[in-house]
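Novice: Sequence and predicted model, in that order:
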Amino acid sequence: MNGKIDWKRKLSSRKFWALLAAFATSVLAASGAGENVTLQVTGVIGAVGACVAYILAEAATDVNKDEGKDE
């Protein structure tokens with residue numbers, strides 16, 4: 001392993017976004033944030049994660065089409 005992080009792969013990972021939402025939930029709960037705030041923050045994280053994953057997947061599909069590797 002060369003130590004470099006593959007950010008494209010990381011940002012398109014559902015596990016990464018689930019981890020981020022779980023971390024945010026824990027921090028908000030520990031800081032005494034209300035239930036509504038916690039739900040809103042984790043909802044935003046989930047929505048952003050879904051959008052990022054979709055955009056990266058579409059970009060990969062477009063690259064494969066342009067290279068004649070239509071999958």
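Specialist: That came through, no problem.
Novice: Against G3, how distant is the residue positioned nearest the centre of the chain?
Specialist: Nearest to the mean C-alpha position of the chain, by C-alpha atoms, centre = their mean, lies G49 at 3.3 Å. Separation of G49 from G3 (C-beta to C-beta, to the nearest Å): 25 Å. C-beta here means a position set from N, CA and C on the backbone, and glycine is covered the same way.
Novice: what about the residue nearest to the centre of the chain, distance to R14?
Specialist: G49 sits 7 Å away from R14, going by C-beta to C-beta.
Novice: wait, what's in contact with S13?
Specialist: S13 sits next to A53 when contact means C-beta atoms under 8 Å, 6 or more residues apart in numbering.
Novice: Just the pLDDT for it.
Specialist: Per-residue pLDDT puts S13 at 87.
Novice: quick one: low-confidence ranges for this protein?
Specialist: Counting by pLDDT under 70, the chain has low-confidence residues at 1-2, 69-71.
Novice: Show me where it has its helices.
Specialist: Using DSSP state H, the helices of the chain run over 7-11, 14-30, 35-66.
Novice: Could you give me the buried positions within the first one?
Specialist: Within helix 7-11, no residue counts as buried by 16 or more other C-beta atoms under 10 Å.
Novice: elements contacting that helix?
Specialist: If contacts are counted by 3 or more C-beta pairs under 8 Å, 6 or more residues apart in numbering; DSSP states H and E, helix 7-11 sits against helix 35-66.
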